[in-house]
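Q: here you go, sequence then predicted model.
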Amino acid sequence: MQETITQLRAAIEAHDLSTPEQLEQFRLAFTGRKGQLADLFDQLKTVPQEQRRAVGQELNQLKQLALDRFTQRQQELEATRENAPQNPEFDYTLPAPQALGTRHPLSLVREEMVRIFARIGFNVAEGPEIEDDWHNFTALNFPENHPARDMQDTFFVRRNPGEPKEDFLLRTHTSTVQVRVMESQAPPIRSIMPGRVYRNEAISARAHMMFHQVEGIFIDEGVSFADLKQTVYYFVQEMFGADINIRFRPSFFPFTEPSAEIDITCLICKGTGCNICKGSGWVEIGGCGMVDPAVLQHSGIDPEVYSGYAWGMGIERITMLKYQIKDLRLFTENDLRFLRQFEGIIS
Ligand code: DAH
């Protein structure tokens, strides 16, 4: 036993502790639970009674020696790791490489639209995505049997699955917020309403069941269609530049009279005709019109005193034209190769 202790002491003192790996070997060989010291402590009971105390003391001293060496070297190694580069080719003073986050193109365009309209006095209003029939349809003058209320277009939400009655729906347009603003404010009203809308459509390059609109409304005394046209001209020029052509195409919406669709020069082909504009050179960016007197009345505004215009535009459509994006699905797939192209655009 005595001889083993002497050899072990020599081994503990001689063990090379230059690297962290060697320190770990040292721990496993000597001080660890299955190390040689633990073995010797186990054998203590075989030592004759009269020597056991002395041998025990010696073993304890040896254990202390090993632990002291271990801890001291461990602290030294930690201090070197903290203070000095292990790899001299690595320059620790360089700023850490940081991946830049990107803003989603739809957010970029929404914010640009908000800024453009804010410059001519429009504020931003919001409303819920889960709506009732009144704000989505009835107040907006949709007749009871209008096909847009059909299950094909609208996602209905049942409050109680046992009951056949549909109480709520996912709004199909942001015109709902028009009604909410008119119900809660007195004219003059000048607001835009950006938001998400839902329709029960099959997803393709050109259609989605979820998309975004910016609705706008202006109500005051003596507002005319000429005011509406100037506002649209101003917006298109600010968004796309001065050399874009605009046309108003007569149309129908239950909540406006007269109504028009707004077309601009197709920016993908510059008006020469491509498959995005179906060869016409024009693309539609939204609908607009003079607010129907019945809609004003439903919201508690006197149509004898006030008139107003409104419009609704698709953010996806405007973003596709601005950034030449040819497939709607790219907006929701979160493909980094797509999103990274917008890196650093603060706009
Ligand atoms: N709500 C219409 C849609 O989703 C867009 C629209 C057209 C909004 C004319 C309006 C408007 O406010 O005046 O297709």
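A: Yep, that arrived. Numbering: from 1, shown residues only.

Q: dig out what Glu215 forms beta bridges with.
A: Met193, Gly312 (DSSP bridges).

Q: any idea how far whichever residue of the stretch 101-250 of the chain sits closest to the ligand lies from Met313?
A: The ligand sits closest to His173 of the stretch 101-250 of the chain, with a gap of 3.3 Å, by Cβ to the nearest ligand atom. C-beta: built from backbone N, CA, C; applies to glycine. From His173 across to Met313, the span is 11 Å (Cβ to Cβ, to the nearest Å).

Q: likewise Ile345?
A: 20 Å.

Q: now swap in Arg247 and tell me
A: From Arg247 to Met313 the distance is 15 Å (Cβ to Cβ).

Q: Glu201 too?
A: In terms of Cβ to Cβ, Glu201 sits 18 Å off from Met313.

Q: tell me what the helix or strand of the chain with the lowest mean pLDDT is packed against?
A: Within the chain, no helix or strand scores below strand 156-157, which has a mean of 86 by mean pLDDT, DSSP states H and E. Packed against strand 156-157 by the contact rule (3 or more Cβ pairs under 8 Å, 6 or more residues apart in numbering; DSSP states H and E) you find strand 168-170.

Q: contacts for the strand it packs on?
A: 129-133, 136, 154-159, 197-198 (Cβ atoms under 8 Å, 6 or more residues apart in numbering).

Q: which residues touch the nearest residue to Gln178 once chain neighbours are set aside?
A: Once flanking residues are discounted, Gln178 sits nearest to Ile217: 4.9 Å by Cβ to Cβ, 6 or more residues apart in numbering. Ile217 makes contacts with Gln178, Val181, Met182, Ile189, Arg190, Ser191, Ile192, Met193, Val291, Gly308, Tyr309, Ala310, as judged by Cβ under 8 Å, 6+ apart.

Q: ramachandran coordinates for Ile217?
A: phi -150, psi 140 (degrees, to the nearest 10).

Q: mind checking pLDDT for it?
A: pLDDT, Ile217: 98.

Q: any residues in contact with both of His173 and Met313?
A: Gln213.

Q: the closest residue to Phe155 other than its chain neighbours pairs with what?
A: Excluding the flanking residues, the one nearest Phe155 by Cβ to Cβ, 6+ apart is Leu170, at 4.3 Å. Under DSSP bridges, the beta-bridge partners of Leu170 are Ile130.

Q: so what's the residue count around Leu170?
A: Residues within reach of Leu170, counting by other Cβ atoms under 10 Å, total 20.

Q: looking at it now. What's its pLDDT?
A: 94.

Q: can you check Ala84 too?
A: 64.

Q: so who does Leu40 touch?
A: Met1, Thr4, Ile5, Leu8, Leu59.

Q: list the buried residues in the host helix or strand of it.
A: Using DSSP states H and E, Leu40 falls within helix 36-43. For helix 36-43, the neighbour count (16 or more other Cβ atoms under 10 Å) marks Gln36, Leu37, Leu40 as buried.

Q: for Met290, what are its contacts?
A: Val223, Ser224, Phe225, Leu228, Thr256, Glu257, Pro258, Ser307, Gly308, Tyr309.

Q: quick check on Asp263: phi, psi?
A: Per degrees, to the nearest 10, the backbone of Asp263 is at phi -110, psi 150.

Q: wait, isn't it in contact with Gly286?
A: No: Asp263 lies out of contact with Gly286 (Cβ atoms under 8 Å); the separation is 9.6 Å.

Q: how about the longest helix along the chain: buried residues?
A: In the chain, assigned by DSSP state H, the helix with the most residues is helix 49-83. Burial within helix 49-83, assessed by neighbour count using 16+ other Cβ under 10 Å, is assigned to Val55, Glu58, Leu59, Leu62, Lys63, Ala66, Arg69, Phe70, Arg73, Gln74, Leu77.

Q: what's the closest non-adjacent residue to the third one?
A: The shortest distance from Leu59 to any residue other than its chain neighbours is 5.7 Å, reached at Leu40 (Cβ to Cβ, 6+ apart).

Q: residues of the stretch 101-250 of the chain that sit close to the ligand?
A: Counting by Cβ under 6 Å from any ligand atom, the residues of the stretch 101-250 of the chain close to the ligand are His173, Ser175, Glu215.
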